[in-house]
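K.L.:
Here is my input, please return the structure:
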Amino acid sequence: MEGFLMPSQPVRIAYIAGYGRSGSTILDIALGQHASVMGAGEVTSLTRHVWRHNEYCACGNAIRDCSFWSSVFQDWSTSGGSGLMEEYSGLQERFEGLSMLMRLLSGIGLGKQFSLYTLHTKRLLEAMHAHSGRQTIVDSSKLPGRAMAMAQIPGIDMRVIHLVRDGRGVAWSLLKGYERDAKSGLQKEIRPKSVFRTAVRWSMVNLAVEYLSRKLGPEKVMRVRYEDFASDPVAVMQKIGTFLELDLGPVGASLQKGEVMATGHQVAGNRLRMNASIALNKDEAWRTRMPARQQISFQRLGGWMLRRYGYL
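P.N.:
Residues are numbered from 1 along each chain as shown. So this is what the prediction gives:
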């Protein structure tokens with residue numbers, strides 16, 4: 001493939017899976033502090049809307065003016081033709097949703113189009129790997145369907161971090177709406193989500209990641225609770241380091257001291273990625289600010305999952 005050197009070893013992907021508002025962006029940035037790791041943000045969004053709408057990279061530049069992403073896209077699109085972006089977005093819709101898990105669960109074949117998804121996905125990741133010069137790429141797209149699709153692609157060494165946060169904290173965060181502010185990382189208006197909707201979807205997505213875990217095996221998937229990461233980053237980063245075969249001890253120690261982290265080239269995700277520097281802070285405001293009736297409402301629907309993860 002012209003434009004960049006093909007990697008001699010499989011591309012290592014650290015994939016963060018789970019539900020939104022669970023701390024995936026801050027974990028992505030934290031992992032990216034290691035010299036061998038690139039925190040790339042929600043890679044699935046690159047071709048869905050980030051490049052098309054020229055949204056902002058965490059470096060502060062619009063994506064098409066970002067030196068890293070513009071180089072990646074130039075190489076990726078060289079062999080894909082003028083319709084590559086539209087074609088790949090359609091393939092993502094087909095193979096990265098929860099329907100992907102249903103296909104595998106029911107034994108339905110992936111079909112000929114999956115070979116195109118495989119080709120385009122692998123080329124994009126290889127371009128990112130080559131231009132970053134990093135051993136490991138962090139993809140915090142969260143979608144369990146995307147993780148399962150990527151797991152079927154030869155030449156990708158994927159390790160999945162199942163990130164879980166107390167669903168009541170997630171629900172409290174999603175009860176708040178935000179107006180569009182592109183430069184601060186909010187590319188569209190975010191409308192409040194009901195506790196009922198969050199409880200159902202939080203449970204479904206985390207169950208889907210558990211199914212993914214069973215399919216891939218324990219050596220490929222580990223679970224991390226946001227609350228543990230925020231309370232004891234030294235211990236959690238050491239465990240993640242062992243899982244990814246990296247020494248993340250110094251990163252954990254830095255987080256524990258409250259030292260700030262520099263962002264890189266993360267795309268999409270939480271708007272905090274647009275800050276010049278970020279420190280790890282445990283956010284549990286929901287415990288005192290979320291009305292009791294809303295907490296109880298969530299527990300009625302998702303209490304069995306809260307117990308599953310040790311929150312009740």
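
K.L.:
List of residues touching stretch 302-312?
P.N.:
164, 166-168, 199-200, 202-203, 206-207, 225, 299 (Cβ atoms under 8 Å, 6 or more residues apart in numbering). For every residue, glycine as well, the C-beta is placed using N, CA and C.

K.L.:
at 6 Å what do you get?
P.N.:
164, 166-167, 199, 203 (Cβ atoms under 6 Å, 6 or more residues apart in numbering).

K.L.:
Could you pull out the helices in the stretch 151-300 of the chain for me?
P.N.:
For the stretch 151-300 of the chain, the helices defined by DSSP state H, counting those that start in this stretch cover 167-174, 195-216, 226-231, 233-244, 249-256, 286-289, 292-308.

K.L.:
Comparing those, which comes out most buried?
P.N.:
Comparing the helices of the stretch 151-300 of the chain by mean neighbour count (mean count of other Cβ atoms under 10 Å), helix 167-174 ranks first with a mean of 24.

K.L.:
Just the CA atoms of that one, as CSV, please.
P.N.:
This file holds the C-alpha atoms of helix 167-174, laid out as CSV (Å, rounded to 0.1, in the frame of the first residue of the first chain):
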residue,chain,number,x,y,z
GLY,A,167,-25.6,3.7,36.3
ARG,A,168,-27.1,6.3,38.6
GLY,A,169,-24.1,8.5,38.0
VAL,A,170,-24.5,8.0,34.3
ALA,A,171,-28.2,8.8,34.4
TRP,A,172,-27.6,12.0,36.4
SER,A,173,-25.0,13.1,33.9
LEU,A,174,-27.4,12.5,31.0
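
K.L.:
hmm, back to that, can you tell me which of the contacts of stretch 302-312 comes closest to residue 191?
P.N.:
Closest approach to residue 191 among these (Cβ to Cβ): residue 199, at 17.2 Å.

K.L.:
buried sites along the helix or strand of the chain with the lowest mean pLDDT?
P.N.:
Ranked by mean pLDDT, DSSP states H and E, the weakest helix or strand in the chain is helix 99-106, scoring a mean of 76. Using 16 or more other Cβ atoms under 10 Å as the test for burial, helix 99-106 gives 100-101, 103-104.
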